[in-house]
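*Asks:* Next come a sequence and a model predicted from it.
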Amino acid sequence: MTNGEVVGGKNLVSVGLRLVAIIIDMIVLFILGYLIAMVSGQTTAGGFQLTGAPAFVYFILSFAYYILMEAYVGGTLGKLVLGLRVEMEDGSPCTIGASLIRNLLRIIDGLPGFIPYLLGAILVWTSPTRQRLGDRLAKTYVVKK
């Protein structure tokens, strides 16, 4: 199951599998946030609340997680668990520059507020190559291997 289109021999991934990958990545980042909160003394009865320098460290590590995992391993843990990879349109591995562009534009794809990633999902659904804005500008695909 590719959850998308086959274009030029590539099994392009649509929204469903990407959503599952994001959920897995959110769990990974929640654990990271909780560990940072434990070390910095910012746990609460209901979980944790990061502020100040620990929140900044968490933001930087979260952003680096997406960029470095895609550039050096081909995908985040969520993508890898599902057999997905980020690659350049020509089939070569995702570069650090392309990963940076993809993930900076994740901020726009994550708009509008009440349904996160709705804009990104609409862009993937309406793209014949299943690319969100970040993919289009970075010239990348998310593929099922």
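*Replies:* Sure, I can see it.
*Asks:* residues in contact with K10?
*Replies:* Contact partners of K10, counting by C-beta atoms under 8 Å, 6 or more residues apart in numbering, are G91, Y141, V143. All C-beta spots, glycine's among them, are computed from the backbone N, C-alpha and C.
*Asks:* no wait, P54
*Replies:* Taking C-beta under 8 Å, 6+ apart as the contact definition, P54 lies against I36, A37, V39, S40, Q42.
*Asks:* For the residues you listed, work out which two are farthest apart.
*Replies:* Spatially, the most separated pair among the contacts of P54 is V39 and Q42, at 8.8 Å (C-beta to C-beta).
*Asks:* When those two are compared, which one has more neighbours?
*Replies:* Between V39 and Q42, counted using other C-beta atoms under 10 Å, the more crowded position is Q42 (18 against 11).
*Asks:* surely the more buried one meets A53?
*Replies:* No - under the criterion of C-beta atoms under 8 Å, Q42 is not in contact with A53, lying 10.4 Å apart.
*Asks:* Looking at the residue of the chain most remote from its centre now. What's its pLDDT?
*Replies:* Most distant from the centre of the chain: A45, at 29.3 Å, with distances by C-alpha atoms, centre = their mean. Among the per-residue scores, A45 holds a pLDDT of 87.
*Asks:* Would you map the helices across this protein?
*Replies:* Residue ranges of the helices in the chain, as given by DSSP state H, are 15-40, 52-72, 77-81, 96-104, 106-109, 118-126, 133-138.
*Asks:* relative orientation of the second one and helix 96-104 in degrees?
*Replies:* Going back to what we said before, that points to helix 52-72. Using axes from the mean of the first three to the mean of the last three C-alpha atoms, to 10 degrees, the inter-axis angle of helix 52-72 relative to helix 96-104 is 130 degrees.
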